[in-house]
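> got a sequence here, can you model it:
(2 chains)
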2 protein chains.
Amino acid sequence: MSHTAFLAELTSILGERYVLTEAVDTELFLTDHRGRYHGKALAVTRPASTEEVSRVVKACARAGIAVVPQGGNTGLCGGATPLEPRPAIVIRLDRMNAIRAVSPAEETMVVEAGCILADIQAAAAKEGLLFPLSLGAEGSCQIGGNIATNAGGISVLRYGNTRQLVLGLETVLADGTVLDSLRRLRKDNAGYDLKQLFIGAEGTLGIVTGAALKLFPGIRSRSIAMMQLSSVEDALAMFARARKVFGESISSFEIIGSSYMDFVLRYVPGTVMPFGQKAPWYLLLEVGDSQPDTPFTDAMEGLLAEAFEAGLISDAIIASSLAQEEAIWKLRHGVTGEFKLAGKTMSHDTSVPVAEQPAFVTRVENGVLAAFPDANVMMVGHIGDGNIHVVVLFPHERFATSEAFEEASDAIDVIIDNVAMELGGSITAEHGVGTTYRKRLARTKNPAELALMRQIKAVLDPTDMMNPGKLFLPEATT
Amino acid sequence: MSHTAFLAELTSILGERYVLTEAVDTELFLTDHRGRYHGKALAVTRPASTEEVSRVVKACARAGIAVVPQGGNTGLCGGATPLEPRPAIVIRLDRMNAIRAVSPAEETMVVEAGCILADIQAAAAKEGLLFPLSLGAEGSCQIGGNIATNAGGISVLRYGNTRQLVLGLETVLADGTVLDSLRRLRKDNAGYDLKQLFIGAEGTLGIVTGAALKLFPGIRSRSIAMMQLSSVEDALAMFARARKVFGESISSFEIIGSSYMDFVLRYVPGTVMPFGQKAPWYLLLEVGDSQPDTPFTDAMEGLLAEAFEAGLISDAIIASSLAQEEAIWKLRHGVTGEFKLAGKTMSHDTSVPVAEQPAFVTRVENGVLAAFPDANVMMVGHIGDGNIHVVVLFPHERFATSEAFEEASDAIDVIIDNVAMELGGSITAEHGVGTTYRKRLARTKNPAELALMRQIKAVLDPTDMMNPGKLFLPEATT
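Next up, the predicted model:
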């Protein structure tokens, strides 16, 4: 089939308006939001229903055209950009943005894949409930993308990753079959739990078109504190103390390294250092409860006073207003865009078992500095989950060519990945693999797991038409 | 290879002592614990390590012998009994019962598959932590079996099914490959989450040999109440009220129907009716917290007083001692064995969306009674999770032949399954499929899901040697 005939078929399914082929219309969707990947596609399509997605995929299967599903296009690994030489279309889910049902009695919500995360959070809040997934891009990322990448964020410690928040799923397979596993059930052992296959598969096994989500009681009491301390060991000791006082009420437990804090204070507008002096590490602790009058502040004051007495922390503040809460969170959040101002950065998303984080931090810092004494090794992350982001910063002019930058970047990848593997970790805790991490995945994943991944891919997508080139390197190169 | 040569090979791997072939040694493991299924096997094997499991499976693969993994043999669906004509061995995991590591700092535990659930609970409790999986058979079931069946139980509402409690998994595949996904990570998006395939697959895709488990803060304050009320609608209204008062501190929310309560009081030794009069329904509410002095009793009294005022409940008690707590739970627990005394029973394990339970209960009761006016339709279950067990009881002498019983049982299956399907439910919420539910699964599962299940099975177990005959009916009959 000629591409012209194929595009005519797409138009007959979706209407002319929703088959974009002009560069002026498609450009935004062929480049990731950070501008690191630029792809090309025969068309960017915008189906309005699962049925339309299915018909478009069937047309692609017949014509041998690849399919790249795209949510809010906010991913960090180039997972939603068509980058392969094979002709492809992008399927944007943004028109499928209906919240089909919210049930307070069930604490469930049924949504289409294109719903924006913040809209889902708001719809839950309207019923006094909480959809706990929360991350920097929540104002524009879509739930379908969150599910396809098993998104993490700042509430994983308490509520789990996106995987734990999905009760049911609707997916369109490579042959256009609609796999309807969209059940609102909390318990279902009737055969294999097929939805698990698609969560975190980054669109390589099928396209998520709808989901039944799990909600939780809304948070009506809260307390947020920030502490200064001298080591990651002390941070874990602090976590153990906080657990004793607050148990499962801990919503977030985040760490910020000194040089990362310096970077934020310098480059993120409106941030203010809340302490009179610097410290090697900063901890952010948020606790919350569905009861309106839980006396968290007293308990928080007690916890901090005792930790200070014990020499675990050198200083601490408790937010006493919404503005102070936001000011504290601002120190942790939303700096991705500012990295460019500071220099050339290499960002990582490693996880290790929680107790291995002191070793991870020390060994990574020593390893990178041994190889690149001029590197600024910044660290920030979800220490309650074992997920520390290492951001290695160099001056803008450090590398003469992009090849030199890539070479250094690869060398640093190897240093960090080796430490992660030795400690039983993962090279990508929450960002996924996409295009960016393929080589590292191939290098670090154990061969039996990688072989089984390929087998699963082959059975669900025998012609490799679903988001090809993501996760896996071409067979010959691995 | 002759069976004699095959058995000699097993003996060379495991030692004579751990290859059981005499009926006197194997009988206990070829019959399920309720005595409903009787199988046969060339041998019952008892490997001591993952390496030995792998070598035994390789020997089976070479010889064309099927493998039936077996944990505590406490399943309710005949999933661990070798029932196919094809020659098979049983692999018991009971010698692999080491708790390899407990980390309070990480709230993780690494165990071998043969660990008994109660031992895992105790090892967690020793560190002041909780492994929340709890079910009737916990004194003898093994974690490998719990994982293979994605076991549910009484704490799912708060902590999720077994699937939510597994961080990492070690599995032996059909070709003997050891799939080591035994990571203690809370976040890991490095490729497909392969461990999900094996959780709930009932040994049809591989043998679970080890697991990294998620622990939680131990419960140090608790309150347990029992209520009488007149409808399932009122029970859900009560759940909404309890959620407002206790939020995520609700550990269990269970319902017992009147005729089930009568049955328990009559047949379970040591049970006592805690109220002066009967009621159509009884609710059991347990709340808990990791803090030692949470004033739950005051809040519970307030909740019950207001519900009574509002006419939602007709009577209620709050346990004021450990003995009273146990007496209340005894009314809910451990009656499977007693069904035989009462008559011929047909037990179901249905789930529906939480809000659909009033419709489910009414339509099932009406449907069964219309077809079998002499049936005693008993109900009991996890109403917080949408999982109500329907137990239909007939007098011992009701059916002249076992064929007549089977025919009635099939008819009742169809009645209940149809209601469940119309309400978006599942025919097996927590028990799994095994042998018992295969026909019903084939009838009720949507064809696209069933087809994909078969594809997955074919790729992981191309010779159908892993627990054959479970989950799936032979291809021709579906």
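
> straight-line length of stretch A:107-120, end to end?
In stretch A:107-120, first residue to last residue: 13 Å (Cα to Cα, to the nearest Å).

> for it, what does the pLDDT average out to?
Stretch A:107-120 carries an average pLDDT of 98.

> ok, stretch A:135-144 next?
Averaged across stretch A:135-144, pLDDT comes to 95.

> can you list contacts of it?
By Cβ atoms under 8 Å, 6 or more residues apart in numbering or on different chains, the surrounding residues in contact with stretch A:135-144 are A:33, A:69, A:71-72, A:74, A:93-94, A:96-97, A:111-118, A:120-121, A:151-154, A:207-209, A:211, A:213, A:333-334, A:336. For the C-beta atoms, the positions are set from N, CA and C on the backbone; glycine is no exception.

> can you pull the domain assignment for chain A?
Using automatic domain parsing, the domain parsing of chain A gives A:3-92, A:99-217, A:221-332, A:343-422, A:438-477.

> and the nearest residue to A:H382 once chain neighbours are set aside, what element?
Once flanking residues are discounted, A:H382 sits nearest to A:E254: 5.9 Å by Cβ to Cβ, 6 or more residues apart in numbering or on different chains. Applying DSSP states H and E as the criterion places A:E254 in strand A:250-257.

> show me what counts as buried in that strand.
A:I250, A:S251, A:S252, A:F253, A:E254, A:I255, A:I256, A:G257 (16 or more other Cβ atoms under 10 Å in any protein chain shown).

> how far does stretch A:64-76 stretch from start to finish?
Start-to-end, stretch A:64-76 (Cα to Cα) is 28 Å.

> burial measure for A:G78, as a count.
A:G78 has 22 neighbours, counted by other Cβ atoms under 10 Å in any protein chain shown.

> which bits of the stretch 1-150 of chain A sit near chain B?
Remark: the part of the stretch 1-150 of chain A in contact with chain B comprises A:S103, A:P104, A:A105, A:E106, A:E107, A:T108, A:T149, A:N150, using Cβ under 8 Å from any Cβ of the partner chain.

> do the same with the stretch 301-450 of chain A
So the stretch 301-450 of chain A meets chain B at A:351-355, A:382, A:385-387, A:424-433, A:437, A:441, A:444-446, A:448-450 (Cβ under 8 Å from any Cβ).

> which of the residues you listed fall in strands?
A:S351, A:H382, A:N387 (DSSP state E).

> what bridges to the last one?
Partner residues in beta bridges with A:N387, using DSSP bridges, are A:S351, A:H382.

> what helix or strand is A:A124 on?
Taking DSSP H and E as the criterion, A:A124 maps to helix A:117-126.

> how far does that helix sit from its chain's centre?
Relative to the chain's own centre, helix A:117-126 is displaced by 18 Å; criterion: Cα atoms, centre = their mean, to the nearest Å.

> elements contacting it?
strand A:99-103, strand A:108-112, helix A:143-148 (3 or more Cβ pairs under 8 Å, 6 or more residues apart in numbering or on different chains; DSSP states H and E).

> the first one pairs with which strands?
When pairs are called by DSSP bridges, strand A:99-103 turns out to pair with strand A:108-112 (antiparallel).

> okay, now the unreliable bits of chain A?
By pLDDT under 70, the weakly predicted segments of chain A are A:334-337, A:476-478.

> the same query, at a cut-off of 90, please.
A:1, A:34-36, A:291-295, A:332-342, A:474-478 (pLDDT under 90).

> tell me which strands and helices the longest helix seen in it is in contact with?
When chain A is parsed with DSSP state H, its longest helix is helix A:402-422. Counting contacts by 3+ Cβ pairs under 8 Å, 6+ apart, helix A:402-422 is packed against strand A:344-347, strand A:350-351, helix A:357-371, strand A:387-394, helix A:438-444.

> then the longest one to CSV, C-alphas only?
If I follow you right, that is helix A:357-371. C-alpha atoms of helix A:357-371 as CSV (Å, rounded to 0.1, in the frame of the first residue of the first chain):
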residue,chain,number,x,y,z
GLN,A,357,22.2,4.1,49.9
PRO,A,358,25.1,5.3,52.0
ALA,A,359,27.4,2.9,50.1
PHE,A,360,25.9,4.0,46.8
VAL,A,361,26.4,7.7,47.4
THR,A,362,30.0,7.4,48.6
ARG,A,363,31.1,5.0,45.9
VAL,A,364,29.4,7.0,43.1
GLU,A,365,30.9,10.3,44.3
ASN,A,366,34.4,8.8,44.7
GLY,A,367,34.2,7.0,41.3
VAL,A,368,33.0,10.0,39.3
LEU,A,369,35.5,12.4,40.9
ALA,A,370,38.3,10.0,40.4
ALA,A,371,37.6,9.9,36.6
